[in-house]
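A.B. asks: compute the structure for the input listed below.
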Amino acid sequence: MTRHLAIALLLTLGIPTAAAEPVEDYTIEGAIVPGNHTRLETTHGVVHVWSPDGYRPETATVVVYVHGYHVEVDDAWWAHGLPEQFGASGINALFVACEAPSNPLDFVRWSSVSELLQVVEGQLGEALPKGPVTAIGHSGAYRTLAQWLVDPRLGTLVLLDAGYGPRIPYLEWIRSSPTRRLITVASDTLAWTTVLHRYLPSTRTVDGFTPWGPKQLASLQAERIVHIRTDLDHWQVVTVALPAMLRILRAPPL
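C.D. replies: From the prediction side, this is the model:
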């Protein structure tokens, strides 16, 4: 059985594959902005909260990051350089990273993004930005994100090589409101996302994370459905590509 056929079979079964062989290093442009970090302990696991210097809560958006398998949130926070990547994006946002399943047998910790944010708000003792939430999930995070599709606060969904499981819930979610956005990044999950976007003819497809200028960024921000096909491997999409992904959100700059 060829490697591509094996990956297609695993995607059909909804089983995350192992990371591909590393490709050459890839660097995202952007100065790293320092920020404020708080680590919370909750009944559903550890939650990290980060805001950049210059953060303005009155105009900020909320971005929730969900890690994939083979890592826990404490490890992902440092090993994947999450605060550095959040800062390099240059957007005015409150970033929340929560605990999620670290293997196929682990249970989903947060079945509602609204509940997660209520707990964060209560522990911080300060109001969070209101309005739609962006959820970004890598790989096995699809199990958590699939449960969040029924949450009214979810406004933008970003699948970072997290195309697994049934496609119909995602199609129903994006079709049910013209204000929702769906962004997919595909490396190992290219077969799954290709089929998904066949049913979404308005998809804007982009090849690679070439440095986007202001006009290109504005063009991508205007699109409701974006599909990015990349040669980055399964881990690089989360260890180096987050700043570029965050810049195409409809989030105010710092």
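A.B. asks: so Trp173, which state does it fall into?
C.D. replies: With DSSP: H, G, I helix; E, B strand; the rest coil as the basis, Trp173 sits in helix.
A.B. asks: for Pro57, which non-adjacent residue is spatially closest?
C.D. replies: In this structure, Pro57 finds its nearest non-sequential neighbour in Pro129, 5.5 Å apart by C-beta to C-beta, 6 or more residues apart in numbering. Quick note: C-beta positions are derived from backbone N, CA and C, even for glycine.
A.B. asks: and that neighbour, how many neighbours?
C.D. replies: Counted with other C-beta atoms under 10 Å, the neighbours of Pro129 add up to 18.
A.B. asks: surely it meets Val64?
C.D. replies: No: with contact defined as C-beta atoms under 8 Å, Pro129 does not reach Val64; the gap is 11.9 Å.
A.B. asks: and the gap between the residue nearest to Pro57 and Ala244?
C.D. replies: For Pro129, the distance to Ala244 equals 22 Å [C-beta to C-beta, to the nearest Å].
A.B. asks: and what of Ala76?
C.D. replies: Distance from Ala76 to Ala244, by C-beta to C-beta: 19 Å.
A.B. asks: all strands for the stretch 1-150 of the chain, in order.
C.D. replies: Applying DSSP state E, counting those that start in this stretch to the stretch 1-150 of the chain gives strands spanning 35-42, 45-52, 61-66, 93-98, 133-138.
A.B. asks: would you list the ones you listed in JSON lines and tack on distance to Val108, mean neighbour count and mean pLDDT?
C.D. replies: Below are these laid out as JSON lines (distance: least, C-beta to C-beta, whole Å; neighbours: other C-beta atoms under 10 Å; pLDDT from 0 to 100):
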{"stretch": "strand 35-42", "distance to Val108": "14", "mean neighbour count": "13", "mean pLDDT": "96"}
{"stretch": "strand 45-52", "distance to Val108": "11", "mean neighbour count": "20", "mean pLDDT": "97"}
{"stretch": "strand 61-66", "distance to Val108": "10", "mean neighbour count": "26", "mean pLDDT": "98"}
{"stretch": "strand 93-98", "distance to Val108": "11", "mean neighbour count": "25", "mean pLDDT": "98"}
{"stretch": "strand 133-138", "distance to Val108": "12", "mean neighbour count": "26", "mean pLDDT": "98"}
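A.B. asks: so which of the ones you listed gets nearest Arg250?
C.D. replies: Closest of the strands of the stretch 1-150 of the chain to Arg250 is strand 61-66, at 7.8 Å (criterion: C-beta to C-beta).
A.B. asks: taking strand 133-138 as reference, get the angle to that closest one.
C.D. replies: With axes from the mean of the first three to the mean of the last three C-alpha atoms, to 10 degrees as the basis, strand 61-66 and strand 133-138 are set at 30 degrees to each other.
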